[in-house]
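Visitor: Kindly return the folded structure for what I paste below:
(one chain, ligands or ions: 1)
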Amino acid sequence: MDNKKQPTEKELKDLVKKVDKLVSKRPATGEKSTDPQSEALMRAQLKQMMESMALMEKSGMVKSTGKKDVGDHKFWNTQPVPSFNDEINESGPIEADIPFDQIRKEPLPLPKDFEWCEINMEDDKEVKELYELLTMNYVEDDEAQFRFDYSAEFLKWALLPPNWRKSWLVGVRVASNKKLVAFISGIPVAMRTYEKVHNLTEINFLCVHKKLRSKRLAPVLIKEITRRSHVEGIFQAAYTAGVVIPKPISTCRYYHRSLNPKKLVECNFSRIPPRSTLSRMIKAYKVPEKTSIAGLREMRLEDVPQVRVLLNKYLSRFDFAPVFETDEDVKHWILPHEKVVWSYVVEQDNKVTDFFSFYSLPSSVIGNPKHSTLNAAYMFYYGLEIPQALDHDQTEKFIEKRLNELVNDALVLAKKAGFDVVNTLDLMDNAKFVDEQKFGNGDGYLNYYLYNWKCPDVARNKVGLVML
Ligand SMILES: CCCCCCCCCCCCCC(=O)SCCNC(=O)CCNC(=O)[C@H](O)C(C)(C)COP(=O)(O)OP(=O)(O)OC[C@H]1O[C@@H](n2cnc3c(N)ncnc32)[C@H](O)[C@@H]1OP(=O)(O)O
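Guide: Here you go, the predicted model:
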């Protein structure tokens, strides 16, 4: 085949970006294209381009996500995960549990000069070391303009949930000076995948210091946390990543709701759309001074049991969702935690009918003369009581209306709390509120993965797991 005749990956990506911006990106003023016919045409073109790009990726002709050929995954091809072209119609483990006596008990060998450690998240000095590694080396956007800046308090919250395991907070240090240069974490989670509820390890915060990249250290960290998970009798894991590796069970898209357009423009996070002005954007994104739902208040300890029932019932709508098995889980994850998670309930006649929550995850703004931090809130879990008598369509309409009321108030509260932007993914029922609440789609996608578990793909609006 003559590769030269095919558009290069960059050309394709640029085209996709261009069309995508044209057809999908809601202009910051909330204006929509006035020409639905050309919009439909462009959408069709975009779809076609994406399909040909996927085909070319499959055939190995172009590289995916600018990184590597699909199929050329030296590490992932050795792991119990499905391949890209596997059509999966049933659920189950890919390989059997390993008997305890056959599990390796010693850590895997590391390249010389490095040693394993466990990070003690109850020791502020070690928390600070982890914070510093991540704040300088963790996830950045493609243009290296922003980098996640999880706070130390956030990391403690994320890594010390009920039943946390010290052996799953794995670091790598330089042997000579003990500097922390890599990390990976696991926490225990009960997840339902379709009908099956299982105990998994939720993997997060995989990070290798920038100076040690591309030396195949990440696979060693992944294999070591896998071994440590096996030692604890857990043979499946859930994780999310921006990169595409074999094989996502779902891919969700990021959406952003501007609360501080001026700062977002100054940080290069948003652009002033053609034919608009900053003052028009400011007006379009203004939120009310006060919330409007009667009975809305901050969540308190005594709400935990009711919130747990609401949440688990609501999550039963989805095909891939956590199960909050105990009140302790809800107390840890949902109860407000200063500067980390904000949660509100609606109480009517002594009964909690709804709740919603969001968490704080700022990003460092890299190399900007005016701003160093973007204060972002991320939509977290929510739940609402759905009247029983409704049929399917009425239920969906009910959720859409109520969710818009709740998120409208969440925006007011996020603005009051000083956030510049509220981010969300189009999982759960979020697609029902993004347009009305003036969220615009971003460039970012998040892929959901399961380790050693095959199951049919999960639609975005059937994903009920929010990962930090
Ligand atoms: C039963 C229990 C099982 C538990 C384990 C379940 C699996 C958990 C899986 C982990 C879930 C993590 C969830 C999160 O935390 S997602 C967040 C990941 N972190 C970042 O993006 C922070 C900034 N980046 C870095 O620190 C490094 O670039 C990392 C550490 C990501 C890779 O380091 P480096 O750039 O120096 O690369 P290498 O030469 O060492 O290694 C290259 C190999 O690593 C594969 N790679 C690269 N990035 C990822 C990624 N995000 N998930 C899975 N695999 C990844 C890559 O495809 C290649 O393999 P293959 O393509 O050749 O095969």
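Visitor: so where's this structure shaky on pLDDT?
Guide: 1-71 (pLDDT under 70).
Visitor: Would you mind listing what in it touches the ligand?
Guide: Residues of the chain lying close to the ligand by CB under 6 Å from any ligand atom are 73-76, 137-139, 201, 203-208, 213-219, 222, 225-226, 229, 234-237, 239, 241, 243, 245, 451-452. From N, CA and C alone the C-beta is placed, and that goes for glycine too.
Visitor: Near Ser372, how many residues? Count them for me, please.
Guide: By other CB atoms under 10 Å, 13 other residues sit near Ser372.
Visitor: top helix in the chain by residue count?
Guide: In the chain, taking DSSP state H as the definition, the longest helix is helix 392-416.
Visitor: Return the distance of that helix from the chain's centre.
Guide: 21 Å (CA atoms, centre = their mean, to the nearest Å).
Visitor: Can you identify the element that follows that helix toward the C-terminus?
Guide: strand 421-425 (DSSP states H and E).
Visitor: Which neighbours in the sheet does that next one have, and how are they oriented?
Guide: Strand 421-425 has the following strand partners under DSSP bridges: strand 250-258 (antiparallel), strand 376-384 (parallel).
Visitor: Quick one: closest of those to Gln306.
Guide: strand 376-384 (9.8 Å; CB to CB).
Visitor: what's next to that closest one, contact-wise?
Guide: Here strand 376-384 makes contact (CB atoms under 8 Å, 6 or more residues apart in numbering) with 307, 310-311, 313-315, 333-334, 341-343, 353-363, 399, 402-403, 406-407, 410, 414, 417, 419-424, 428, 430, 466.
Visitor: Give me the subset of the residues of the chain next to the ligand that lies in strands.
Guide: 201, 203-208, 237, 239, 241, 451 (DSSP state E).
Visitor: In contact with Val208, which residues?
Guide: 137, 181-182, 215, 217-218, 221.
Visitor: Buried members of those residues into PyMOL, please.
Guide: A single PyMOL command selects the buried members of the contacts of Val208 (16 or more other CB atoms under 10 Å):
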select buried, resi 137+181+182+217+218+221
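Visitor: Which of the contacts of Val208 fall in helices?
Guide: Per DSSP H, the contacts of Val208 map to helices at 137, 217-218, 221.
Visitor: now, which of those residues sits nearest the ligand?
Guide: Ala218 (3.3 Å; CB to the nearest ligand atom).
Visitor: which residues touch that closest one?
Guide: Going by CB under 8 Å, 6+ apart, the list of residues near Ala218 reads 75, 206, 208.
Visitor: switch to 7 Å and redo it
Guide: Taking CB atoms under 7 Å, 6 or more residues apart in numbering, we find Ala218 in contact with 206, 208.
Visitor: Columns distance to Trp116 on top of the ones in helices among the contacts of Val208, output as a markdown table?
Guide: Shown next, in a markdown table, are the ones in helices among the contacts of Val208 (distance: CB to CB, whole Å):
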| residue | distance to Trp116 |
| --- | --- |
| Asn137 | 18 |
| Leu217 | 12 |
| Ala218 | 15 |
| Leu221 | 10 |
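Visitor: Most widely separated two among those?
Guide: Maximum pairwise distance in these, criterion CB to CB, is 13.3 Å, between Asn137 and Leu221.
Visitor: List the contacts of Gly92.
Guide: Lys454.
Visitor: Can you show me the helices along the stretch 201-350 of the chain?
Guide: 217-231, 261-266, 278-284, 304-315, 327-333 (DSSP state H, counting those that start in this stretch).
Visitor: The stretch 1-150 of the chain too?
Guide: 9-23, 36-58, 124-137.
Visitor: What residues does Leu110 make contact with?
Guide: 116, 172, 220.
Visitor: scratch that, Glu385 is what I was asking about
Guide: Residues in contact with Glu385 (CB under 7 Å, 6+ apart) are 310, 353-354.
Visitor: Run through the bridge partners of the closest residue to the ligand within the stretch 351-468 of the chain.
Guide: With CB to the nearest ligand atom, the shortest gap between the stretch 351-468 of the chain and the ligand falls at Tyr451, namely 3.8 Å. Here Tyr451 sits in beta bridges with Ala237, going by DSSP bridges.
Visitor: ditto for Tyr445
Guide: Following DSSP bridges, Tyr445 is listed with bridge partners Arg253.
Visitor: Would you confirm that it contacts Thr251?
Guide: Yes: counting by CB atoms under 7 Å, Tyr445 does reach Thr251; the two are 5.4 Å apart.
Visitor: any idea how far Val323 is from Leu311?
Guide: Using CB to CB, to the nearest Å, Leu311 is found at 10 Å from Val323.
Visitor: With neighbour numbers in mind, choose between the two.
Guide: Ranked by neighbour count (other CB under 10 Å), Leu311 and Val323 place Leu311 first, with 25 against 18.
Visitor: Could you say which of the strands paired with strand 421-425 is packed most deeply?
Guide: Mean neighbour count (mean count of other CB atoms under 10 Å) peaks for strand 376-384 among those, with a mean of 23.
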